[in-house]
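**Student:** Can you look at this prediction? I've put the sequence above it.
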Amino acid sequence: MKTFKQLEHIFFDYEEQKRKKVRDEYLDSSSYTFMPSRAILPQKSSVFSKQVVIKLLSNLSSNGVKNALSYVIRNSAFDFAFNESHQPIRIDEILRQWQKDFSTQPNAKEAWHFTFCLDELKSERNIKALQDSVKEVMQTHFYGYKYVSVLHTHQHKPHIHIILNKTNIFTHKKLHFNNKQEIKNFWNLLREDFKNALNFHNPNFNYKNSYRYEHNLLKESAKASIEIPLNIAENIAKQIAALESKIQLYETKSHNLTKTISQHTQEKRKLINELKLLIQSGNKCYFQLLNSIKATNKELCSLRQSNKGYQTQKKQLQEQIRKLREQRLYYKSSYDSLAKKQAYAEFLRTKKQTKADIFVLRQIQSEIALNEKNLAKNTESQINADLIMARTLHKKSNAFVMIGIAKDLDSHLKALAHIEISDSVRETLQDYETKLLENKAFVLKMCQQKVMILQEYLKGKKSPYKLKELNALCNFLGLENQTQTQEPSKTYSSTHTQELLSNELIDVFLRWYCKKQHITNPAIYEAHLREKIHNGTFENFKEQYRAFIEENKAIKKL
């Protein structure tokens, strides 16, 4: 007891600290969505700003974690990843440490795979800003969780892959959200902090974080509608550069593997020479050397296989580059020839012209006019309503996405109208409210266009999904669906079926069928079958009834 009091005296100021729940970390929809802080805080000009991007790629099972790790490490400059303490760690060590957190169920979702993307060219300063920003965001939002990060620079724009173990280190509970709104708010908060970190670490950056409906949809639609093949050629050039960077990465890895194979081969030769000497001297203690040679052979085989894999991938990438270059020439040739003709025509105008020059100039001018007309026609034919919609709203801009965006805009506008705020803040929010109103009008216009497109499509074709889209849009806009196409009804009540159900013979058939199927409780099952016959969902009913009639006739004859 005395000892206990002494210890108590030593630790008298110790008090257990319980972690408090931070309620405003994941704000609910009532306090967050319709009062975004970016609408009232002073920001840089949004004319040349870029949208910050964090992509959730997949929700992984234990096998998916292994595959994702092997992919991200294989396509990085190193053969390892960095853990939450920013220490290098290999794939086998990651799996060994994480395995105890995984459940025994094969399809249980154990990890997230997501990326932090940077819309900038590769440079040391940009990559450093990206790494520092990701480190800060991960430490802020995922403290207490295991994760690994891998930097990828083999593509046109640098990005960092994160694979996060969803089991908490302290509580041993999985990362969980109560509803979709919580998930939406969480990822928005993540993007907001990532944006702030990027703009802080590199003052030249001007990133923003906004929902799709907060963009200037009219401007983006106009931009999408004038897309020309030059943009396509530029995108192809970027793809080629990314593939060439990947080939360079594989060449570096293959070169390092070749060096390692050479070193292992030399070690193997030394071991074989030592083994020969031991055998010649009659020493029987050469089993250890044999085991070492076997292990070296096994490792050499694995290294050669990896090297062969890199060479195969390199050839595949070279083939992709060849196809892309052909595609690029297809888009570039007409514009190159047009530009050359325009430059030569300008040269002929400025110099003293002979009769021959005047004749050539007129010919070139007519060709330029013809080429420009053809190019404009080809460009116009490539653009359709779905492409503009996809570029403006979403990659999968179907009717349901458009209705969702319109409802979101409407809820935000209603919320802004009911908030009691000061006049100074109201003036600041006026531009934001105007943008939302313009976007709402634009989305409703796109919905009406989509209705016309779907009605035209369904005149000659049948598509249940397109019909659902059309019905949803008509209900939302309060329009009448003029399309005659209807979904096939599952229920039918023909006169033949009604007569059949009223027939006394059907009761005998149902008893016969239940006896044939060995039904233990026929009374309940007969009522269920009667309902199926009425709805037309009794499988093979006609064949079964025909078999019953034939059997009944045979019994009567006997």
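**Tutor:** Ah, there it is.
**Student:** where are the low-confidence patches of the stretch 1-150 of the chain?
**Tutor:** 1-48 (pLDDT under 70).
**Student:** what do you get if the cut-off is 80, keeping everything else the same?
**Tutor:** 1-49, 106 (pLDDT under 80).
**Student:** Where do the strands of it begin and end?
**Tutor:** Here the stretch 1-150 of the chain has its strands, by DSSP state E, counting those that start in this stretch, at 50-51, 53-60, 81-83, 88-89, 111-117, 145-152.
**Student:** Out of those strands, which gets nearest to Asn273?
**Tutor:** strand 88-89 (35.5 Å; C-beta to C-beta). C-beta: built from backbone N, CA, C; applies to glycine.
**Student:** Neighbouring strands - and their directions - for the closest one?
**Tutor:** Using DSSP bridges, the strands paired with strand 88-89 are strand 81-83 (antiparallel).
**Student:** Mean neighbour count added to the strands of the stretch 1-150 of the chain, as a markdown table?
**Tutor:** Below are those laid out as a markdown table (neighbours: other C-beta atoms under 10 Å):
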| stretch | mean neighbour count |
| --- | --- |
| strand 50-51 | 15 |
| strand 53-60 | 16 |
| strand 81-83 | 19 |
| strand 88-89 | 14 |
| strand 111-117 | 22 |
| strand 145-152 | 20 |
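**Student:** got the ones you listed as JSON lines, with distance to Leu477 columns?
**Tutor:** Compiled in JSON lines, those are given as follows (distance: least, C-beta to C-beta, whole Å):
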{"stretch": "strand 50-51", "distance to Leu477": "29"}
{"stretch": "strand 53-60", "distance to Leu477": "32"}
{"stretch": "strand 81-83", "distance to Leu477": "50"}
{"stretch": "strand 88-89", "distance to Leu477": "55"}
{"stretch": "strand 111-117", "distance to Leu477": "36"}
{"stretch": "strand 145-152", "distance to Leu477": "44"}
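**Student:** neighbours around Ala295, how many?
**Tutor:** 11 (other C-beta atoms under 10 Å).
**Student:** Show the pLDDT at it.
**Tutor:** According to the prediction, Ala295 has pLDDT 83.
**Student:** who are the neighbours in contact with Asn202?
**Tutor:** By C-beta atoms under 8 Å, 6 or more residues apart in numbering, the residues touching Asn202 are Arg125, Asn126, Ala129.
**Student:** just the buried members of those residues?
**Tutor:** Listed as buried from the contacts of Asn202 are Asn126, Ala129; burial here means 16 or more other C-beta atoms under 10 Å.
**Student:** closest to Ser306 among the contacts of Asn202?
**Tutor:** Ser306 lies nearest to Asn126 out of these, by C-beta to C-beta, at 30.9 Å.
**Student:** could you check the distance from the closest one over to Leu198?
**Tutor:** In this view, Asn126 and Leu198 are 10 Å apart by C-beta to C-beta, to the nearest Å.
**Student:** Repeat that for Leu278.
**Tutor:** Taking C-beta to C-beta, one finds Leu278 at 63 Å from Leu198.
**Student:** higher neighbour count, those two?
**Tutor:** Leu198 (26 against 15).
**Student:** Who are the contact partners of the more buried one?
**Tutor:** Per C-beta under 8 Å, 6+ apart, neighbours of Leu198: Val52, Leu118, Ala129, Leu130, Ser133, Phe205, Tyr207.
**Student:** do you know how far the second one is from Val52?
**Tutor:** Put plainly, it is Leu118. For Leu118 relative to Val52 (C-beta to C-beta), the value is 9 Å.
**Student:** one step back: can you work out which residues contact both of Asn126 and Leu198?
**Tutor:** The contact lists of Asn126 and Leu198 share Leu118, where a contact means C-beta under 8 Å, 6+ apart.
**Student:** Now, the contacts of Asn202 that are in helices?
**Tutor:** Among those, the subset assigned to helices under DSSP state H consists of Arg125, Asn126, Ala129.
**Student:** Output the below-cut-off pLDDT ranges for the stretch 201-350 of the chain.
**Tutor:** The stretch 201-350 of the chain contains residues with pLDDT under 80 at 210-246, 248-250, 253, 275-290, 310, 320-350.
**Student:** how close does the closest residue in space to Leu57 that isn't next to it in sequence sit to Ile405?
**Tutor:** Leaving out its chain neighbours, the residue that sits closest to Leu57 by C-beta to C-beta, 6 or more residues apart in numbering is His113, at 4.7 Å. For His113, the distance to Ile405 equals 27 Å [C-beta to C-beta].
**Student:** got it, and Ala108?
**Tutor:** 34 Å.
**Student:** who has more neighbours, these two?
**Tutor:** Each of Ala108 and Ile405 has its neighbours counted (other C-beta under 10 Å); Ile405 has more, 23 against 13.
**Student:** quick one: average confidence on the one helix or strand that one maps to?
**Tutor:** Using DSSP states H and E, Ile405 sits in helix 399-418. Averaged across helix 399-418, pLDDT comes to 73.
**Student:** likewise stretch 165-178?
**Tutor:** 89.
**Student:** And it, what's buried?
**Tutor:** By 16+ other C-beta under 10 Å, the buried positions in stretch 165-178 come out as Asn165, Lys166, Thr167, Asn168, Leu175.
**Student:** Could I get the CA-only coordinates of that stretch as PDB?
**Tutor:** Provided in PDB are the C-alpha atoms of stretch 165-178 (Å, rounded to 0.1, in the frame of the first residue of the first chain):
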ATOM      1  CA  ASN A 165      -5.500   0.300 -45.200                       C
ATOM      2  CA  LYS A 166      -9.000   1.100 -43.900                       C
ATOM      3  CA  THR A 167      -8.500  -0.500 -40.500                       C
ATOM      4  CA  ASN A 168      -7.500   2.000 -37.700                       C
ATOM      5  CA  ILE A 169      -4.300   1.300 -35.900                       C
ATOM      6  CA  PHE A 170      -5.700   2.300 -32.500                       C
ATOM      7  CA  THR A 171      -9.400   1.300 -32.500                       C
ATOM      8  CA  HIS A 172      -9.000  -1.700 -35.000                       C
ATOM      9  CA  LYS A 173     -12.200  -0.500 -36.700                       C
ATOM     10  CA  LYS A 174     -12.700   0.100 -40.400                       C
ATOM     11  CA  LEU A 175     -13.200   3.500 -41.900                       C
ATOM     12  CA  HIS A 176     -16.900   3.900 -42.100                       C
ATOM     13  CA  PHE A 177     -19.500   6.500 -43.300                       C
ATOM     14  CA  ASN A 178     -23.100   6.600 -42.300                       C
END
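**Student:** Identify the residues contacting it?
**Tutor:** Contacts for stretch 165-178 (C-beta under 8 Å, 6+ apart): 98, 101-102, 109-112, 144-147, 164, 183, 186.
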